[in-house]
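**Q** coordinates only, no sequence provided:
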């Protein structure tokens, strides 16, 4: 069993236990600071099967894109939008979209 899977089991068990992090760590002999770090690693500890897909609609820009206009715009329900450079790493963008805010 890998270290990551061991921590994943502890984090899952803690979430189901309704105990405080400190009490769970005392009961299982875990370092509270390390445990807290693993609880914040959502992307690496959440199994892929639990990640929901987000529907995306791609629409062309109304104005022609020039060489200097390299912006990606993400529009969310509720009117919020995020403008990013198209030079942003696809891996970073995927991690951003998986964050649970």
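**A** Ah, there it is. None of the values given here were measured: they were computed from a predicted structure.
**Q** which of the residues in stretch 18-32 are buried?
**A** 24-25, 30 (16 or more other C-beta atoms under 10 Å). In this view, the C-beta of every residue, glycine as well, is placed from N, C-alpha and C.
**Q** looking at the residues you listed, which one is closest to residue 77?
**A** residue 24 (35.4 Å; C-beta to C-beta).
**Q** surely residue 11 and residue 38 touch.
**A** Yes - contact criterion C-beta atoms under 8 Å: residue 11 and residue 38 qualify, at 5.7 Å.
**Q** got any ranges where the chain has weak pLDDT?
**A** Scanning the chain for pLDDT under 70 picks out 42-53, 60-69, 100-101.
**Q** what are the ranges of the helices in it?
**A** Listed in chain order, the helices of the chain (DSSP state H) span 3-17, 21-28, 32-40, 42-45, 90-98.
**Q** how far does the third one sit from its chain's centre?
**A** This means helix 32-40. Relative to its chain's centre, helix 32-40 lies at 16 Å (C-alpha atoms, centre = their mean, to the nearest Å).
**Q** ok, residues contacting that helix?
**A** 7, 10-11, 14, 21-22, 24-25, 45 (C-beta atoms under 8 Å, 6 or more residues apart in numbering).
**Q** hmm, try it at 6 Å
**A** With contacts defined as C-beta atoms under 6 Å, 6 or more residues apart in numbering, helix 32-40 is touched by 7, 11, 22, 25.
**Q** from those, which is closest to residue 81?
**A** Using C-beta to C-beta, those come closest to residue 81 at residue 11, 32.6 Å.
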